[in-house]
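1. no sequence for this one, just the structure:
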């Protein structure tokens, strides 16, 4: 039992559900005009946010364009089970985005740069809950810097290529059951913090068969990241502090290095936009996230820690299977030109969960979700625009019955329900 207990350490860096508009720990909150129409804009995007949605569309906008803003994500997950009801702590996450485009229209070239977030979020559970040895607090933050070059290929085609640099930081907390090694001891704390970075690439296409129809394609590659940092196990009971003294450590805290490789998934989006009338444009997108890259996590620790009886408090390495699956989301967006200065936006999408029942845990309380969005765009002057949006996410309740946590005599079994509010504002400039 004690040796099998080390499996809980492999839960570190599982990155928590995004609890926003997309499955797993992916974020789609990259622009407010796009948010208003459920991010179904890969074919119809017409401002500097093309840097993210479809860089090939940079050839369709003004000579200079820029956009910046925030989206705020307010998630809440409730757990019911084991004669207990818990809710995650109230947290609001601010997600920024910045885009700049220079279009050399005479030559057909365009360049663009963006800063946005594709992955991140967090959960915060009670330190006294039934799965406190599995998950308490987790946070993932990341940002991507993306440089693109686009070329117009005749009147109907444009293409683009780009390079992505993504930096990420993570923190993982859980309680540590020292009673397994020293019966009657109080819980300790385990905290893992790390950061890492990786490079990827992206390609995009835009095809305009006629004045009313556009077809867009965007692909962003996987990004492999090595996270390096520290694992701390705090508040060792007095009966186990001799293990620390043997390593020259005074006090009741143990710290060592930690490392894990994570392959963030690739993302492919195909969309068709149709201008039904002079005022109404409809777009449908199909969005594939390659979550099968997230199949296992192998952790390497700088120095193991073992009791005199041979029980492992901390192993050299630990591996946990995740076995996530690829998922396809379906998005529908509608824009209505209310007048020459105001555009109204509506959207809806369906996004299934990549997490199998066997590896579901409260650090990733993911389930199939539906999202409804509203937005408005206002042209404040000849050059400035303001976009505001709101989205509501409701996830299907998910009942869990698996073995996650069993090695620590914990249970994650129960029912999880999530809802999320998303709102934000962007300001754009173009001439």
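-> Perfect, thanks for sending it. Everything quoted here is computed from the prediction, not taken from an experiment.
2. pLDDT value on the closest residue to residue 45 other than its chain neighbours, please?
-> The spatially closest residue to residue 45, leaving aside those adjacent along the chain, is residue 53, at 4.4 Å (C-beta to C-beta, 6 or more residues apart in numbering). All C-beta spots, glycine's among them, are computed from the backbone N, C-alpha and C. As predicted, residue 53 sits at a pLDDT of 98.
3. residue 280 now?
-> 98.
4. so it makes contact with residue 338?
-> No. Assessed by C-beta atoms under 8 Å, residue 280 is found out of contact with residue 338, at 10.8 Å.
5. wait, a strand at residue 146?
-> Yes. Assignment of residue 146 by DSSP: H, G, I helix; E, B strand; the rest coil places it within a strand.
6. would you mind measuring from it to residue 90?
-> 32 Å (C-beta to C-beta, to the nearest Å).
7. tell me, how many residues neighbour residue 246?
-> 10 (other C-beta atoms under 10 Å).
8. make 264 the starting number, not 1.
-> Let's use 264 as the start, then, which means that last one is residue 509.
9. ok, it - contacts?
-> By C-beta atoms under 8 Å, 6 or more residues apart in numbering, the contact list for residue 509 is empty.
10. for residue 409 and residue 353, indicate the residue with more neighbours.
-> residue 409 (23 against 9).
11. and the more buried one, bridged to which residues?
-> Residue 409 forms beta bridges with residue 377, residue 427, as assigned by DSSP bridges.
12. list the contacts for it?
-> Contacts of residue 409 by C-beta under 8 Å, 6+ apart are 314-315, 376-379, 425-428, 465.
13. again with residue 343
-> 677-678, 680.
14. out of the contacts of residue 409, who has the most neighbours?
-> Counting neighbours by other C-beta under 10 Å, the top entry in the contacts of residue 409 is residue 314, with 35 neighbours.
15. pretty sure that one is touching residue 412, no?
-> No. In this structure residue 314 lies outside contact range of residue 412 using C-beta under 8 Å: 11.2 Å.
16. quick one: residue 423 from residue 553, how far?
-> 20 Å.
17. the helix or strand containing residue 690 pairs with which strands, and in what direction?
-> Assessed by DSSP states H and E, residue 690 sits inside strand 677-693. Strand 677-693 has the following strand partners under DSSP bridges: strand 327-344 (antiparallel), strand 647-658 (antiparallel), strand 661-663 (antiparallel).
18. which stretch among those comes nearest residue 521?
-> strand 327-344 (26.5 Å; C-beta to C-beta).
19. and the next helix or strand past the closest one?
-> strand 347-350.
20. moving C-terminal from that following strand, which element do we reach first?
-> Downstream of strand 347-350, the next assigned helix or strand under DSSP H and E is strand 356-367.
21. only the buried residues of that following strand, if you could.
-> The neighbour-count check on strand 356-367 (16 or more other C-beta atoms under 10 Å) flags 356, 358, 360-364, 366 as buried.
22. output those in a markdown table, with pLDDT appended to each entry.
-> Supplementary listing: the buried residues of strand 356-367 in a markdown table, determined by pLDDT from 0 to 100:
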| residue | pLDDT |
| --- | --- |
| 356 | 88 |
| 358 | 93 |
| 360 | 97 |
| 361 | 98 |
| 362 | 98 |
| 363 | 98 |
| 364 | 98 |
| 366 | 97 |
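23. for the stretch 364-513 of the chain, give me the ranges with low pLDDT.
-> Judged against pLDDT under 70, the stretch 364-513 of the chain has no low-scoring part.
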